[in-house]
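> attaching a predicted model along with its sequence, questions to come.
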Amino acid sequence: MPGDLDEQHPVWRTSLLDLDHAGSWSWAIRDDTLIKIVDLLTELERLTWREIRQQQTGGNRRRGPKHKSIPRDHLCKEAQDRLEELQLDDFEELFRFRTGNMERLWGVLSGDSPRVFYPIWWDPDHKVCPSRDQ
């Protein structure tokens, strides 16, 4: 049942990391940033997907889901083009984890059990989806 997937804890796989991209975002990161990402994933794997999706941003201006799916066509052209190059453009949406005001970890979710998150990009400056995803 689809609801059962939301009760599972996340699983991570790194086989889709886009290590070759050197555009507006890349994996050329410092050790402390990598530790921050690993700490986030460690914290999140204690939660279910339902609990992850229920987390809200704490901003006074506009509250909304902290972690969420974003339709592929909402991404910037560079991201959409890169997904095509990576042959990942068959995914209708990407999932992103918000780690701070601007920082995002982008990837795709499997639709089967267990639900797996495949990170693709680390986006420290909110470039993958700057206008529609605040």
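The structure has been received and is ready for your questions. All values reported here derive from a predicted model rather than from experimental measurement.
> so where is the chain shaky, pLDDT-wise?
Counting by pLDDT under 70, the low-confidence segments of the chain come to 1-3, 59-61, 131-134.
> which residues in it form helices?
Under the criterion DSSP state H, helices of the chain are mapped to 2-6, 31-44, 49-54, 77-85.
> adding distance to residue 71 and mean neighbour count, write the ones you listed out as TSV.
(C-beta placed from N, C-alpha, C; glycine too.) Listed next are the helices of the chain as TSV, based on distance: least, C-beta to C-beta, whole Å; neighbours: other C-beta atoms under 10 Å:
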stretch	distance to residue 71	mean neighbour count
helix 2-6	19	11
helix 31-44	22	13
helix 49-54	16	16
helix 77-85	11	15
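> need the longest strand for this protein.
In the chain, ranked by residue count with DSSP state E as the criterion, the top strand is strand 116-123.
> can you give the strand pairings for that strand, parallel or anti for each?
Partner strands and pairing direction for strand 116-123 (DSSP bridges) are strand 11-12 (parallel), strand 104-109 (antiparallel).
> out of the ones you listed, flag the one nearest residue 123.
Closest approach to residue 123 among these (C-beta to C-beta): strand 104-109, 4.3 Å.
> quick one, the closest one and helix 77-85 angle?
Using axes from the mean of the first three to the mean of the last three C-alpha atoms, to 10 degrees, one finds that strand 104-109 and helix 77-85 are set 30 degrees apart in direction.
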